[in-house]
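1. Following is a predicted model, sequence given first.
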Amino acid sequence: QYTKSRRPPPPPPQIGPRVSVTTLRNLQPDKGQLVSAARAAMASGVCLLAGWLLDNQGAGLTANLGAFVALYGSGRPYINRARLLALIVCSLVLCVVAGVEAATVPNPWISIAVAALIAILASFFCTALNVGPPGAYMFMIACAAGTSMAGQGSHLAQIALLVAAGGMVSWTLHMLGALWQPRGPEYQAVANAASAVAGFIESAANDQSDLACHKAAASLQDAWRVLIAWQPARDRPDIKLGQLRAWSRELHGLFAAAVREGSAGRSLDPKASAEARNIESRVAGPPGGDIPAGSNERHSFFRPYEMIAASFAWASQPPRIALRVGAAALIAGFAGASTGLERSYWAAAAAVLILHQGLNWVRALQRGLERTVGTILGLIVAAVLTWLHPGGLALVGSIVVLQFAGQLFARSNYAFAVFFFTPMALLMATAGSAATSDVNQLLVARGLDTMIGCGVGLAVLVAPYR
């Protein structure tokens, strides 16, 4: 718009002095992050504890692959969440089975090719359907974990059942809240939006409203998804949902007015913040009887099959992301295998992680640096834990604590998250190995394949970059 009107572009925001404050603020998890981290840790703990009680640690670790389902669907309405998680459970089972079948072929390049194909398909459909983090990455990890199960082709049905059981544990934990608060995600989304809008209006009085403005806009977008986009296409008239949609429209109006007044250099209405806080307080109360249910606004949004059909257009984002992911996974996997890395799929997984969200090169470079630094620091913790060689309940507790801490920072600070995820993954990979030399080689290989994968991912992104 600035180019078309020939007006000079706005000056860049002066955020340099506030970087440290912003970073510290981002490290403070909110209620949603705490719930998501606790759910993921609990799902892993149930699977691993069941394996320990049955004296079959390998079965618990296999079921834990299905527990990755707990990482998806947080904040979605329960009907939409149930369908999405059921689809993800089936997809994870297929990914693991495909990996196990690929491992039966003596040629190691077949496993790399299958993992790359899974990454392509998962990236396309996760982007087309707006699945959200962790997106295609966990499907790639599940397939790669299957390729590491050499000689397990005869136990294919048992492996599939264990992964499905872990997925159902996560599905059940996700859906428990529907028993006592069926509209809980919708109420929470509107409450978060009201708090963020009020915080933005209150912070606009000083010169530190950029972060608050972004948080308010993102919260309003999340509320719109929960109230409109993720609702059933044929939902029945609901007074509660109509009330929440009406409050959401009021918050959009307050936010738009605040942005307009701030851009014009005028002082904001102090009553606007009080109105947003009033909506936040009313969300917890019963809906008013004077609010009609209204029309089904969900009809104005794409249905899943329409989103997939529209994503096949070459100008859309999903096919481009899928091709980048596939090329990077193949190159990184071949590079890892050619250099003699025993688990070359980790290099492919690191490349997929850089590209599957469709970040620009600046964000991708930041993600690659965070991944590398977090992995290197996490390897130090992994070396200490593997030297202690925990077993039984100690192993279960270590994995659960690391899973909780990593998931807690997965959205706010990725380097911190990788710092905890790296020793967790290595503990799971070395759970049945007692040889210290093998563990040391695995630690070195993990650092090398992370650097290879991040470098390949950035190269594939920058090479055709416009």
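-> The structure has been received and is ready for your questions. Predicted model, so just to flag it, every value in this text is computed and none were measured. Residues are numbered from 1 along each chain as shown.
2. And the helices in the stretch 351-466 of the chain?
-> For the stretch 351-466 of the chain, helices defined by DSSP state H, counting those that start in this stretch occupy the ranges 361-388, 393-408, 414-429, 436-462.
3. got the residue ranges for the helices in the stretch 101-250 of the chain?
-> Ranges of helices in the stretch 101-250 of the chain, per DSSP H, counting those that start in this stretch, are 108-128, 137-147, 156-175, 184-203, 210-224, 239-263.
4. could you dump those helices to TSV with mean neighbour count and distance to residue 333?
-> The way it works is simple: take the backbone N, C-alpha and C, and place the C-beta from them, glycine included. Listed next are the helices of the stretch 101-250 of the chain as TSV, based on neighbours: other CB atoms under 10 Å; distance: least, CB to CB, whole Å:
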stretch	mean neighbour count	distance to residue 333
helix 108-128	23	4
helix 137-147	26	9
helix 156-175	20	22
helix 184-203	24	38
helix 210-224	19	35
helix 239-263	18	45
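5. rank the ones you listed by mean pLDDT and give me the bottom one.
-> In terms of average pLDDT, helix 137-147 trails the rest of the helices of the stretch 101-250 of the chain, at a mean of 84.
6. now for that one, which elements pack on it?
-> When contacts are defined as 3 or more CB pairs under 8 Å, 6 or more residues apart in numbering; DSSP states H and E, helix 137-147 sits against helix 78-103, helix 108-128, helix 345-355.
7. Indicate which one of those helices is closest to residue 228.
-> Closest approach to residue 228 among the helices and strands packed on helix 137-147 (CB to CB): helix 78-103, 11.3 Å.
8. The closest one: which residues count as buried?
-> Neighbour counts over helix 78-103 (16 or more other CB atoms under 10 Å) mark 78, 80-82, 84-85, 87-89, 91-103 as buried.
9. which stretch among the helices and strands packed on helix 137-147 comes nearest residue 157?
-> helix 78-103 (9.3 Å).
10. Next one: residue 275 relative to residue 282, how far apart?
-> Taking CB to CB, to the nearest Å as the measure, residue 275 and residue 282 are separated by 11 Å.
11. How about residue 125?
-> Between residue 125 and residue 282 the distance is 39 Å, computed by CB to CB.
12. And what about residue 315, helix, strand or coil?
-> Three-state call for residue 315 (DSSP: H, G, I helix; E, B strand; the rest coil): coil.
13. burial measure for it, as a count.
-> Residues lying near residue 315 (other CB atoms under 10 Å) number 6.
14. now swap in residue 180 and tell me
-> By the criterion of other CB under 10 Å, residue 180 has 7 neighbours.
15. And the spatially most central residue of the chain, what's its pLDDT?
-> Centroid-nearest residue in the chain: residue 133, 2.0 Å away (criterion: CA atoms, centre = their mean). At residue 133, the pLDDT value in this model is 82.
16. Would you work out how far apart the start and end of stretch 69-81 are?
-> 11 Å (CA to CA, to the nearest Å).
17. I figured residue 229 was touching residue 304, is that so?
-> No. Taking CB atoms under 8 Å as the definition, residue 229 is not a contact partner of residue 304, at 10.7 Å.
18. Might one say that residue 232 is in contact with residue 79?
-> Yes. The pair residue 232 / residue 79 is scored as a contact, 5.7 Å apart, by CB under 8 Å.
19. list residues touching both of the two?
-> Here residue 232 and residue 79 have no joint contacts, going by CB atoms under 8 Å, 6 or more residues apart in numbering.
20. show me what contacts residue 395?
-> 48, 52, 57, 427, 431.
21. would JSON lines of the helices of the stretch 101-250 of the chain with distance to residue 390 be doable?
-> Shown next, in JSON lines, are these (distance: least, CB to CB, whole Å):
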{"stretch": "helix 108-128", "distance to residue 390": "29"}
{"stretch": "helix 137-147", "distance to residue 390": "20"}
{"stretch": "helix 156-175", "distance to residue 390": "21"}
{"stretch": "helix 184-203", "distance to residue 390": "36"}
{"stretch": "helix 210-224", "distance to residue 390": "39"}
{"stretch": "helix 239-263", "distance to residue 390": "46"}
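22. per-residue confidence at residue 28?
-> Looking at residue 28, its pLDDT is 59.
23. For residue 34, which three-state class applies?
-> helix.
24. any idea how far residue 49 is from the closest residue to it other than its chain neighbours?
-> Nearest residue to residue 34, sequence neighbours excluded (CB to CB, 6 or more residues apart in numbering): residue 408, at 7.0 Å. From residue 408 across to residue 49, the span is 21 Å (CB to CB).
25. If you count surrounding residues, which of the two has more?
-> residue 408 (22 against 15).
26. these two touch, right, the more buried one and residue 32?
-> No. Residue 408 is not in contact with residue 32 according to CB under 8 Å; the separation is 11.0 Å.
27. which residues touch stretch 404-416?
-> 23, 26-29, 33-34, 36-38, 40-41, 71, 133-134, 367, 370-371, 373-374, 417-421, 424.
28. Pretty sure residue 301 sits against residue 230.
-> No. Between residue 301 and residue 230 there is no contact under CB under 8 Å: 9.1 Å.
29. Which of these two has more residues huddled nearby?
-> Taking other CB under 10 Å, residue 301 and residue 230 do not tie; residue 230 has more neighbours (22 against 15).
30. dump the residue contacts of that one.
-> Residues in contact with residue 230, defined by CB under 8 Å, 6+ apart, are 76, 77, 80.
31. Then residue 327?
-> Listed by CB under 8 Å, 6+ apart, the contact set of residue 327 reads residue 460.
32. Tell me the pLDDT of it.
-> The model's pLDDT for residue 327 equals 90.
33. One more: the one 5 residues further on?
-> For residue 332, the model assigns a pLDDT of 87.
34. start at 36 instead
-> That works, and once the first residue is 36, the last one we named lands at residue 367.
35. For it, grab the count of nearby residues.
-> Close neighbours of residue 367, defined as other CB under 10 Å, add up to 31.
36. Look at it and give its secondary structure.
-> helix.
37. how far away is it from residue 141?
-> In this view, residue 367 and residue 141 are 22 Å apart by CB to CB.
38. Same check on residue 316?
-> Per CB to CB, residue 316 is found 66 Å from residue 141.
39. What of residue 239?
-> Plainly put, residue 239 is 65 Å away from residue 141 if you go by CB to CB.
40. So the two - more neighbours on which side?
-> Set side by side, residue 239 and residue 141 show more neighbours around residue 239, with 20 against 7, by other CB under 10 Å.
41. Looks like the more buried one contacts residue 303 (just checking).
-> Yes. If you go by CB under 8 Å, residue 239 and residue 303 touch, sitting 5.4 Å apart.
42. Between the two, which contacts overlap?
-> Taking CB under 8 Å, 6+ apart as the criterion, residue 239 and residue 303 both touch 293, 297.
43. quick one: low-confidence ranges for the stretch 336-485 of the chain?
-> For the stretch 336-485 of the chain, the stretches flagged by pLDDT under 70 are 376-379, 464-475, 477.
44. go again using 80 as the cut-off
-> 336-338, 349-350, 371-381, 421-426, 445-447, 461, 463-482 (pLDDT under 80).
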